[in-house]
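Colleague: sequence first, then the predicted structure:
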Amino acid sequence: MDDRRRKTRTTGQVTEPGGEATKGVSGKDKEGARVAEVLRRLAEHYRNPRTELSHRSPFELLVATILSAQATDRSVNEVTPVLFDRYPHPGSLGAAKPEELYPIINRIGLFRNKARSLVGAARMICEQFGGDVPRDREALLRLPGVGRKTANVVLSNAFGVPAIAVDTHVFRVSRRLGLADEKTPERVEAQLQSVIPRESWSDAHHWLILHGRQVCSARRPSCQECFLVDVCLAGKAGG
Ligand code: SF4
């Protein structure tokens with residue numbers, strides 16, 4: 001967001017460079033309408049969004065999501081068919097040595113750490129959760145390699161629990177759009193939960209990722225071609 005033109009998220013007031021806050025009819029109402037319009041357009045543009053990580057079960061999604069940290073979904077999808085074929089369930093993966101995974105996943109960044117996490121998570125699932133990926137956040141967060149983002153991805157995509165996983169795209173795009181302005185993923189997640197209806201949390205995660213990948217890239221956001229430019233704070237301020 002342009003520092004010269006800041007908007008107060010909670011009041012919806014916009015401060016022009018060198019000027020005072022613009023008093024709206026009701027700043028809160030106007031801001032609510034703007035956010036609603038942003039969400040409406042995202043929903044219309046990115047219909048029926050779903051994760052691009054290939055998986056057939058909560059366990060496979062958990063594995064793919066752990067692998068996807070700082071890696072593209074495409075690169076993960078290239079290695080998981082062999083991985084899932086060799087280790088189809090937590091029991092087989094938990095019985096493996098991390099080094100045995102290296103030849104399969106060594107194209108993925110941080111593959112040694114991720115191999116350790118995958119084997120450790122599979123073992124814990126067998127030993128503490130009866131062989132099934134747990135369905136609650138606290139339990140998921142105990143698994144090696146699982147942080148809040150991964151837990152939210154698994155909860156929303158595998159179990160249908162409303163959640164907003166904040167990755168680099170969600171963090172960047174939501175701040176540019178003025179849906180959030182906090183500086184940590186956890187706080188941005190809380191802000192997004194406060195402005196997005198609960199039933200749209202999981203979809204909103206996908207909308208913001210897709211928009212970040214296709215239009216609002218980190219280095220060169222395509223504001224001129226963006227269907228949100230008139231309702232985006234960064235877009236209106238000149239990108
Ligand atoms: S207008 Fe620009 S900054 Fe705003 S969402 Fe679109 S591409 Fe991103």
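Modeller: Thanks, I have it. Numbers count the residues shown, from 1 in each chain.

Colleague: going forward, measure contacts and count neighbours with C-alpha atoms only.
Modeller: Fine.

Colleague: wait, Glu189 touches Asp167, no?
Modeller: No. Counting by C-alpha atoms under 8 Å, Glu189 sits too far from Asp167 to count as a contact (9.8 Å).

Colleague: more neighbours, these two?
Modeller: Taking neighbours as other C-alpha atoms under 10 Å, Glu189 and Asp167 compare with Glu189 leading, 23 against 19.

Colleague: so who does that one touch?
Modeller: With contact set as C-alpha atoms under 8 Å, 6 or more residues apart in numbering, Glu189 has these partners: 164-166.

Colleague: list only buried entries from the residues you listed.
Modeller: Buried subset of these (neighbour count, 16 or more other C-alpha atoms under 10 Å): 164-166.

Colleague: for the ligand, see how far away the closest residue in space to Leu93 that isn't next to it in sequence is.
Modeller: Using C-alpha to C-alpha, 6 or more residues apart in numbering and skipping the chain neighbours, the partner closest in space to Leu93 is Tyr87 (5.1 Å). For Tyr87, the distance to the ligand (C-alpha to the nearest ligand atom, to the nearest Å) stands at 40 Å.

Colleague: quick one: mean pLDDT over the helix or strand harbouring Asn152.
Modeller: Per DSSP states H and E: Asn152 is located in helix 148-159. Averaging pLDDT along helix 148-159 yields 96.

Colleague: which elements pack onto it?
Modeller: Counting contacts by 3 or more C-alpha pairs under 8 Å, 6 or more residues apart in numbering; DSSP states H and E, helix 148-159 is packed against helix 58-67, helix 137-142.

Colleague: looking at those, spot the one closest to the ligand.
Modeller: Minimum separation from the ligand across the helices and strands packed on helix 148-159 (C-alpha to the nearest ligand atom) falls at helix 58-67, 25.2 Å.

Colleague: how much does the closest one deviate in direction from helix 148-159?
Modeller: Angle of helix 58-67 versus helix 148-159, following axes from the mean of the first three to the mean of the last three C-alpha atoms, to 10 degrees, is 150 degrees.

Colleague: which elements pack onto helix 58-67?
Modeller: helix 73-86, helix 111-128, helix 148-159.

Colleague: what mean pLDDT does the second one get?
Modeller: On average, the pLDDT along helix 111-128 is 98.

Colleague: just to revisit the earlier point, out of the helices and strands packed on helix 58-67, nearest to Trp201?
Modeller: helix 148-159 (8.7 Å; C-alpha to C-alpha).

Colleague: is the ligand within reach of the helix or strand just after that closest one?
Modeller: The element immediately downstream of helix 148-159 (helix or strand, assigned by DSSP H and E) is helix 168-177. Yes. Under the criterion of C-alpha under 6 Å from any ligand atom, the ligand is reached by helix 168-177 at 176-177.

Colleague: and the angle from the helix or strand just after helix 168-177 to helix 168-177?
Modeller: Downstream of helix 168-177, the next assigned helix or strand under DSSP H and E is helix 185-195. Per the same axes, to 10 degrees, the angle that helix 185-195 makes with helix 168-177 is 60 degrees.

Colleague: buried residues, the helix or strand following helix 185-195. List them.
Modeller: Per DSSP H and E, the first helix or strand lying C-terminal to helix 185-195 is helix 201-214. Within helix 201-214, the residues that count as buried by 16+ other C-alpha under 10 Å are 201-212.

Colleague: figure out how far helix 201-214 is from the centre of its chain.
Modeller: Offset of helix 201-214 from its chain centre (C-alpha atoms, centre = their mean, to the nearest Å): 7 Å.

Colleague: what helices and strands are in contact with it?
Modeller: Using 3+ C-alpha pairs under 8 Å, 6+ apart: helix 201-214 touches helix 27-45, helix 168-177.
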